[in-house]
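Engineer: Here is my input; please provide its structure:
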Amino acid sequence: MSSYMLHSLETAPAASLPFLEKSLKGFGSIPNLHAVMAESPKVLEAYQTLHELFSQSSLNAIEKTIVWQTINIEHQCHYCVPAHTAIAHMMKIDSTIIDALIHKRPLPTNEQQVLRETTLALVRNRGQLSHEQKQAFFDAGYTKQQLLEIVLGISQKVMSNYINHIVDTPLDDAFKAFR
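Structural biologist: This is a model prediction of the structure:
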């Protein structure tokens, strides 16, 4: 079995360098997930692009966190659960929401709970929602656009969660406190 390298600016394929430099500029260091993804420049580019697009979606910071963490927890991602817990704290997400997500407890509002349930249904049922599930989502005040944006978030998280499972990406020191 071959292990994957945590690439740096010195070891990465040349085509990955602009993306690693972007990570370094944005995070102050190169997250291990990005260092692993650098093995395939197109994978790193796709991941960063999906992240940017989902970050620019119409979902607010709490809603993005709910989508990300719901997927991470469902996929049992050893890397992304603590990483997004740290990110949620940096985004100043209320700790009751963070804890409810991690411990699979009800979220504070019906809207948040419906968002979690819709995201879970999409992941578990491979994109298939019943009429009732869609109606509950829309009745909670969400839009058709936002339903599609959840799929964008799933796309991003499938990349990171699956790669972390394949590679067993080591957790960055900055995320270890959130294991």
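Engineer: how about the closest residue to Leu147 other than its chain neighbours, secondary structure?
Structural biologist: Nearest non-adjacent residue to Leu147, counting by CB to CB, 6 or more residues apart in numbering: Phe137, 6.1 Å away. Yep, even glycine has a C-beta here, placed from its N, CA and C like the rest. Look at Phe137: counting by DSSP: H, G, I helix; E, B strand; the rest coil, its state is helix.
Engineer: Would you mind confirming that Phe137 makes contact with Glu111?
Structural biologist: No: applying CB atoms under 8 Å as the test, Phe137 and Glu111 come out as separate, 9.7 Å apart.
Engineer: which one of those two has more residues nearby?
Structural biologist: Phe137 (24 against 17; other CB atoms under 10 Å).
Engineer: Who are the contact partners of the more buried one?
Structural biologist: With contact set as CB atoms under 8 Å, 6 or more residues apart in numbering, Phe137 has these partners: Val114, Leu115, Thr118, Leu129, Leu147.
Engineer: Using PDB, write out every CA atom in the longest helix along the chain.
Structural biologist: For the chain, the helix that runs over the most residues, judged by DSSP state H, is helix 144-167. Output of helix 144-167 as PDB, limited to C-alpha atoms (Å, rounded to 0.1, in the frame of the first residue of the first chain):
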ATOM      1  CA  LYS A 144     -35.700  26.000  -4.900                       C
ATOM      2  CA  GLN A 145     -32.300  27.700  -5.300                       C
ATOM      3  CA  GLN A 146     -31.300  26.600  -1.800                       C
ATOM      4  CA  LEU A 147     -32.300  23.000  -2.400                       C
ATOM      5  CA  LEU A 148     -30.000  23.000  -5.300                       C
ATOM      6  CA  GLU A 149     -27.200  24.700  -3.300                       C
ATOM      7  CA  ILE A 150     -27.400  21.800  -0.800                       C
ATOM      8  CA  VAL A 151     -26.400  19.500  -3.600                       C
ATOM      9  CA  LEU A 152     -23.400  21.900  -4.300                       C
ATOM     10  CA  GLY A 153     -22.400  21.500  -0.600                       C
ATOM     11  CA  ILE A 154     -22.700  17.700  -0.900                       C
ATOM     12  CA  SER A 155     -20.500  17.700  -3.900                       C
ATOM     13  CA  GLN A 156     -17.800  19.600  -2.000                       C
ATOM     14  CA  LYS A 157     -18.100  17.300   1.000                       C
ATOM     15  CA  VAL A 158     -18.100  14.100  -1.000                       C
ATOM     16  CA  MET A 159     -14.700  15.100  -2.400                       C
ATOM     17  CA  SER A 160     -13.200  15.900   1.000                       C
ATOM     18  CA  ASN A 161     -14.800  13.100   3.000                       C
ATOM     19  CA  TYR A 162     -14.100  10.400   0.500                       C
ATOM     20  CA  ILE A 163     -10.500  11.500   0.000                       C
ATOM     21  CA  ASN A 164      -9.900  11.700   3.700                       C
ATOM     22  CA  HIS A 165     -11.200   8.100   4.000                       C
ATOM     23  CA  ILE A 166      -9.000   6.900   1.200                       C
ATOM     24  CA  VAL A 167      -5.900   8.700   2.400                       C
END
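Engineer: Sounds good, over and out.
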